[in-house]
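[1] Could you work out the structure for the sequence below:
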Amino acid sequence: MKPGARIRAAIEVLEVIAGQHRPASTALGDWGRSHRFAGSGDRAAIGTLVFDALRHRNSFAWRMGSDAPRALAVAAAPAALGLTSEELVRLADGSEYGIAPLSPEEVAGLSRGVPVDAPLHIAADIPEWLAASFKEVFGDRAAEEGQALSQRAPIDLRINSLKATREKVLRALSRFAPEATRLSPLGVRIAAPTAGGKAPNVEADGAHGKGWFEVQDEGSQIAALIAGASPREQVLDLCAGAGGKTLAMAAGMHNTGQIYAYDASRSQLRPIFERLKRAGARNVQVLEAGNETALSELAGRFDLVLVDAPCTGSGTWRRRPDAKWRLKPEAVEKRVEEQRAVLQLAAPLVKPGGRLAYVTCSVLPVENSDQVGWFIEQHPQFALSPIAPRWEESIGGAMPVSAGGEQDTLLLTPALHGTDGFFIAMLERGERD
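    Next up, the predicted model:
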């Protein structure tokens, strides 16, 4: 497909997303199935166009004077397809499989920048109703943080120390030009594809089949390291999902002690069995999904309970840019209620002297620091434990500055740390309640 045909296809997909309120991945998948002639390179380019248009929806609409699918796709095309504005104007020739010629307004929009005094939701490319939350947590860096969450994300891998070393994985994936991650001692990073490029399917690689690595953002790796699951401990991963942090902790425990993996959702938990087998993790017991009665029988047993809480996912907008436009205030309220419910479930499971790790992939204060404050009010037997000493012990060196300016908790962001947005808090239960 020629560039004009790819832009036209992206416009069609964006029209479906806007008109039918469908997730971008679903709309792209449907388009691909109904256009079998499109090769993998075409589908990748169209996907990049669509996602880039969604990443920068507000600022593109400001520049182009319209948030219509065509305006967004045209604004995204130069960076997504590696075109100059002049090349884009020339290829918009109105041909049967291309796009109509650009209007003078569209041509002007391609070279128009966003002014420095633009409203925060425009400069940061975030929903307008979230501007106050971003200002609260990030202050004068709110626009910078929003833009960093609007960029393409790299592929991060966590090496499985039960089977491989970082050097071994770097050699195995050398054709993808991987590099060691900056913060995590277990991470390998493959850069985000450039214009017109296609992200490699690393999970199809033989090294993945052998269990040498798992796809896991560097921020998520750091959260598992700071939680500090030690050999021979009793650990509960309370919101285990597909088991990413369970696997990381199993490797850190050198297959000793015991990890219980639990999730309320049977479908979310289902992939963990194959992943455990591939990784060679033998110290994990998977509990029946949704069986809170079985959990209550384990009260007071655990040295560590990891609560990777359900959240809005605002820290993962680099990977799911359409999610930020689908997020509504009532969804945030629902997530806050769910987080409080899981924290209430977690509290009695921690043994006296044990610890609770609270983690979200959100940057919103209402899901992070506000929840920690609420939990301590409800459970005064718990106290906040500073992250910095844990960083020095588990990762080494001085902990970087938290994006939210907190002293005892840690907020990782793409702008400051190059990771997805992750919030990490450690709480210790007193020896006596």
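
[2] what are the ranges of the strands in this structure?
    For the chain, applying DSSP state E gives strands covering 155-159, 179-180, 187-190, 213-215, 234-237, 258-261, 284-286, 302-308, 350-360, 382-385, 410-412, 422-429.

[3] and the ones you listed as TSV, adding mean pLDDT and mean neighbour count?
    C-beta: built from backbone N, CA, C; applies to glycine. Putting the strands of the chain into TSV (pLDDT from 0 to 100; neighbours: other C-beta atoms under 10 Å) gives the following:
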stretch	mean pLDDT	mean neighbour count
strand 155-159	98	25
strand 179-180	98	14
strand 187-190	98	22
strand 213-215	97	22
strand 234-237	98	26
strand 258-261	97	24
strand 284-286	96	17
strand 302-308	98	25
strand 350-360	98	22
strand 382-385	97	17
strand 410-412	98	28
strand 422-429	98	25
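
[4] Quick one: these as CSV, columns for distance to residue 341 too.
    Shown next, in CSV, are the strands of the chain (distance: least, C-beta to C-beta, whole Å):
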stretch, distance to residue 341
strand 155-159, 29
strand 179-180, 39
strand 187-190, 32
strand 213-215, 28
strand 234-237, 16
strand 258-261, 19
strand 284-286, 21
strand 302-308, 11
strand 350-360, 13
strand 382-385, 17
strand 410-412, 23
strand 422-429, 17
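
[5] Show me the one of these that comes nearest residue 248.
    Shortest distance between residue 248 and the strands of the chain, using C-beta to C-beta, is found for strand 155-159: 6.0 Å.

[6] Check which strands are paired with that closest one and give the direction for each one.
    Strand 155-159 has these partner strands in its sheet, going by DSSP bridges: strand 187-190 (antiparallel), strand 213-215 (antiparallel).

[7] outside of the first one, which residues touch it?
    Going back to what we said before, that points to strand 187-190. 154-159, 166, 169-170, 173, 176-181, 199-200, 202, 213, 218, 221 (C-beta atoms under 8 Å, 6 or more residues apart in numbering).

[8] got it, and stretch 18-33?
    Contacts for stretch 18-33 (C-beta under 8 Å, 6+ apart): 9, 12-13, 16-17, 38, 43, 46-47, 50-51, 54, 69, 321-322, 326.

[9] run the last query once more with 6 Å
    13, 16-17, 43, 47, 50, 322 (C-beta atoms under 6 Å, 6 or more residues apart in numbering).

[10] cool, and stretch 98-109?
    Against stretch 98-109 from outside (C-beta under 6 Å, 6+ apart): 4, 7-8, 63-65, 74, 89, 92, 94.

[11] and that stretch, how far apart are its ends?
    20 Å (C-alpha to C-alpha, to the nearest Å).

[12] buried stuff in that stretch?
    98-99, 102, 106-107, 109 (16 or more other C-beta atoms under 10 Å).

[13] Repeat that for stretch 252-265.
    Quick answer for stretch 252-265 (16+ other C-beta under 10 Å): 252-253, 257-264.

[14] re the thing from before, lowest-confidence one in the buried residues of stretch 98-109?
    For the buried residues of stretch 98-109, the weakest pLDDT value sits at residue 98, with 90.

[15] Just want the phi and psi numbers for it.
    Main-chain torsions, residue 98, degrees, to the nearest 10: phi -120, psi -150.

[16] what separates it from residue 11, distance-wise?
    Per C-beta to C-beta, to the nearest Å, residue 98 is found 11 Å from residue 11.

[17] before we move on, what about residue 277?
    Going from residue 277 to residue 11 by C-beta to C-beta gives 44 Å.

[18] Which one of the two is surrounded by more residues?
    Remark: of residue 277 and residue 11, residue 11 carries more neighbours, 21 against 11, as counted by other C-beta atoms under 10 Å.

[19] Surely the more buried one and residue 75 touch.
    No. With contacts counted by C-beta atoms under 6 Å, residue 11 stays clear of residue 75, the gap being 11.6 Å.

[20] low pLDDT regions in the stretch 301-433 of the chain?
    433 (pLDDT under 70).

[21] can you count the residues close to the nearest residue to residue 158 once chain neighbours are set aside?
    Excluding the flanking residues, the one nearest residue 158 by C-beta to C-beta, 6 or more residues apart in numbering is residue 216, at 4.2 Å. Other residues near residue 216 number 21, with proximity taken as other C-beta under 10 Å.

[22] does residue 216 really touch residue 243, like I thought?
    No. Residue 216 is beyond contact range of residue 243, at 10.5 Å (criterion: C-beta under 6 Å).

[23] which of the buried residues of stretch 252-265 lies closest to residue 334?
    residue 264 (14.1 Å).

[24] quick one, which of the strands of the chain is nearest to residue 372?
    Smallest distance to residue 372 across these (C-beta to C-beta): 4.9 Å, for strand 422-429.

[25] So which elements touch that closest one?
    helix 218-227, strand 350-360, strand 382-385, strand 410-412 (3 or more C-beta pairs under 6 Å, 6 or more residues apart in numbering; DSSP states H and E).

[26] ok, and what's touching the third one?
    When you say that, I think you mean strand 382-385. By C-beta under 6 Å, 6+ apart, strand 382-385 touches 376, 408, 426-429.
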